[in-house]
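Peer 1: return a 3D structure for these sequence lines:
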Amino acid sequence: QVTLVESGGGLVQAGGSLRLSCSASGRTFSSYAVGWFRQAQGKGREFVASVTRSEGKTFYANSVKGRFTISRDNAENTVYLQMNSLKPEDTAVYYCVADAKMFVTNTPDYWGQGTQVTVSS
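Peer 2: Next comes the predicted model:
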């Protein structure tokens, strides 16, 4: 069982930066692939970024590639999402996820409660 708690969301102007954090409970955090999804109002959830459980290989949605960076600290049971050059279309609720499979899939095993990110133009 893994409990995920996100923090770091807020309101920022376009072009600004935010860093999201996700703190995970449990002693087996390193055995999970972790990542982030987001959901804008009136739209479905979409994949943002992920990092594998062992090699630390990262994956990004095309819409955020080059602007967002995902990282994990297994000693602190935490995953981060550094978001730079934010755009109004990045406005969404961001969810941290953990997946017991080698990669984060479209059906992760665990979800956080979400944190709101709002980018003003």
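Peer 1: and the residue nearest to Gln39 when sequence neighbours are not counted, how many neighbours?
Peer 2: Closest residue in space to Gln39, ignoring its immediate chain neighbours: Arg45 at 4.4 Å, by Cβ to Cβ, 6 or more residues apart in numbering. (C-beta placed from N, C-alpha, C; glycine too.) Neighbourhood size, Arg45 [other Cβ atoms under 10 Å]: 16.
Peer 1: for Arg45, give me phi and psi.
Peer 2: Main-chain dihedrals, Arg45, degrees, to the nearest 10: phi -70, psi 140.
Peer 1: not counting sequence-adjacent ones, nearest residue to the residue most central in space within the chain?
Peer 2: With distances taken as Cα atoms, centre = their mean, Trp36 lies nearest the centre of the chain, 2.5 Å away. Closest residue to Trp36 apart from its sequence neighbours, by Cβ to Cβ, 6+ apart: Val48 at 4.3 Å.
Peer 1: what comes up buried for the host helix or strand of that neighbour?
Peer 2: Assigned by DSSP states H and E, Val48 belongs to strand 45-51. Buried residues in strand 45-51, defined by neighbour count with 16 or more other Cβ atoms under 10 Å: 45, 47-51.
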